[in-house]
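Trainee: Quick check, what structure comes out for this input:
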Amino acid sequence: MPQVSVVVPTVGRPALALALRSALCQRGVDVEVIVVDDGSGGRARKVVERVSDPRVRLLGDDERRGPGAARNTGVGVASGAWVAFLDDDDLWAPDKLARQLDAARAAGRDWVYAGAVEVDDRHRVLHVEPPIAPAEVVRQLPRRNVVPAGASNVTVRAAALAATGPFDPSLRNTEDWDLFIRLARRGPPAGVRAPLVAVRLHLEQASLATARLLEELDALERRYGVRVDRPAIHRGAAWACLRAGRRREALAAYAHAVRAGDLGSVARAVVTLLPGGARERVLRGRTDRADGGAVDLLRAQAWVDELLQG
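Mentor: Predicted coordinates:
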């Protein structure tokens, strides 16, 4: 039996092949990889057939049901003692699972996360997001998702996941955050300081400045009896849109932040109006100068480059 079942929901993006390579190249951990085709129109099958690895199996679905429902399908057939999630456009360091399992076992925890980086379409590491301490994750999760890289980061003991319950398929932007809140109510996670996950910035990413997100924030507030940190959520969405080159959506996200009471986002929105070169310098200028971020960036670039070389 595998130690870890890796569940990969996919809409058949070209990046799927590299994501699968990063899961199959995990060192010191036996894995099975369950790819769940979320209405890709056959594109996912072609990628899986080219990978041609017996550890990979494909579950198909002609209908687009969303990442939460797709992950639930994968979890339903998983046989590993642990379950990890990997989106089809994200990447893992080759020691991601081994280091997370070591940390979880050492701390006696049922779920674990690590640091993350963002990469562009040329696989340049642009930004390092170090994780906060596990106690702070538990404290802040009811107000905003503070797990870097979301679902692609977390590994959870299968028994704990079964006790917590599945992803809520009605949520499309916050389904991982909702699960993390429930996991944190059962017990705190373990954390690994190193950046072991790479999130790809691209134009196809689901926008966080949408009416659906606002509806989901309302739903989470009702469900857990809390007030989410809307200004921080919209600022984060704006910054992510800017780094992905989506200036109009970034401006809309800053507008949502202002309406939520964050008047400082009026000044932040000026970045969206800068010419391309100046905007790029601002974006790069905010990248990882403190807390060892530059070292983490170089280390992450090294494992990303290693993965690209096959």
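Trainee: Quick one: distance of the longest helix that the chain contains to the chain centre.
Mentor: Longest helix in the chain by number of residues, with DSSP state H as the criterion: helix 293-308. For helix 293-308, the separation from the chain centroid amounts to 18 Å (computed by CA atoms, centre = their mean, to the nearest Å).
Trainee: Could I get the average pLDDT for that helix?
Mentor: Per-residue pLDDT values across helix 293-308 average out to 92.
Trainee: Using PDB, write out every CA atom in it.
Mentor: Extracted as PDB, the C-alpha positions of helix 293-308 are listed here (Å, rounded to 0.1, in the frame of the first residue of the first chain):
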ATOM      1  CA  GLY A 293      13.500  35.200   1.700                       C
ATOM      2  CA  ALA A 294      16.300  35.600  -0.900                       C
ATOM      3  CA  VAL A 295      17.900  32.400   0.200                       C
ATOM      4  CA  ASP A 296      14.600  30.500   0.000                       C
ATOM      5  CA  LEU A 297      14.000  31.900  -3.400                       C
ATOM      6  CA  LEU A 298      17.300  30.600  -4.700                       C
ATOM      7  CA  ARG A 299      16.700  27.200  -3.100                       C
ATOM      8  CA  ALA A 300      13.200  27.000  -4.600                       C
ATOM      9  CA  GLN A 301      14.500  28.000  -8.100                       C
ATOM     10  CA  ALA A 302      17.000  25.200  -7.800                       C
ATOM     11  CA  TRP A 303      14.400  22.500  -7.300                       C
ATOM     12  CA  VAL A 304      12.100  24.000  -9.900                       C
ATOM     13  CA  ASP A 305      15.000  23.900 -12.400                       C
ATOM     14  CA  GLU A 306      15.900  20.300 -11.400                       C
ATOM     15  CA  LEU A 307      12.300  19.300 -12.100                       C
ATOM     16  CA  LEU A 308      12.300  21.000 -15.500                       C
END
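Trainee: Show me what that helix is packed against.
Mentor: Identification of packing neighbours for helix 293-308 by 3 or more CB pairs under 8 Å, 6 or more residues apart in numbering; DSSP states H and E yields helix 16-24, strand 111-119, strand 125-129, strand 190-200. C-betas here are computed from N, CA, C, even on glycine.
Trainee: can I get those in JSON lines with mean pLDDT?
Mentor: Compiled in JSON lines, the helices and strands packed on helix 293-308 are given as follows (pLDDT from 0 to 100):
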{"stretch": "helix 16-24", "mean pLDDT": "97"}
{"stretch": "strand 111-119", "mean pLDDT": "95"}
{"stretch": "strand 125-129", "mean pLDDT": "88"}
{"stretch": "strand 190-200", "mean pLDDT": "96"}
